[in-house]
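# Here is my input, please return the structure:
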Amino acid sequence: MATCAIAPLASSAFWNLDDHALHAAIAQLLCNISGAAAVTPQNYVGNGNPNGVVTAIPGSLYMDVSNPLNPVLWMKGSGTGNTGWE
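Numbers count the residues shown, from 1 in each chain. Purely as a prediction, here's the structure:
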């Protein structure tokens with residue numbers, strides 16, 4: 001079963017209801033909770049650079065939400081290990 005770890009923002013001082021709703025909407029959009037096997041690209045949400053950390057197949061997406069004012073979308077370009085994120 002595929003899982004998605006949605007990390008909280010570093011400081012609750014940045015949160016208000018709108019920020020929380022936006023974070024939840026992004027997580028829901030990007031997080032595959034269907035339990036599909038990892039033979040198709042998956043979507044992940046977390047804090048920081050996924051290189052060397054998140055194992056996935058090419059075509060997978062990762063949303064770095066460590067800075068809530070400037071989230072970064074990464075795409076897995078190559079390989080099946082935890083490198084190749086662009």
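# And the helices in this protein?
Using DSSP state H, the helices found in the chain span residues 17-30.
# so where's it shaky on pLDDT?
Along the chain, segments meeting pLDDT under 70 span 1-38.
# make it 50
Flagging of the chain using pLDDT under 50 yields the residue ranges 1-3, 6-17, 32-37.
# Show me where it has its strands.
Along the chain, the stretches classed as strands by DSSP state E are 43-46, 61-64, 72-75.
# Number of residues surrounding Asp64?
Neighbours of Asp64 under the rule other CB atoms under 10 Å: 19. The C-beta positions use only the backbone N, C-alpha and C, and glycine is treated the same way.
# Might one say that it is in contact with Asn70?
No - in this structure Asp64 lies outside contact range of Asn70 using CB atoms under 8 Å: 9.3 Å.
# So which of the strands of the chain is nearest Glu86?
strand 72-75 (5.8 Å; CB to CB).
# Okay, buried residues for the closest one please.
Buried positions in strand 72-75, judged by neighbour count with 16 or more other CB atoms under 10 Å: Trp74.
# got it, and stretch 77-86?
Buried-residue list, stretch 77-86, by 16+ other CB under 10 Å: 84-85.
# Please apply the same query to stretch 51-69.
Result for stretch 51-69 [16+ other CB under 10 Å]: buried residues 54-57, 60-65, 68.
# Tell me the one of the residues you listed nearest Gly77?
Ser60 (9.8 Å).
# my guess is that closest one meets Asn43, correct?
Yes - between Ser60 and Asn43 a contact is recorded at 6.8 Å, counting by CB under 8 Å.
# picking up where we left off before, in a markdown table: the strands of the chain, plus distance to Thr83.
Formatted as a markdown table, the strands of the chain follow (distance: least, CB to CB, whole Å):
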| stretch | distance to Thr83 |
| --- | --- |
| strand 43-46 | 15 |
| strand 61-64 | 12 |
| strand 72-75 | 12 |
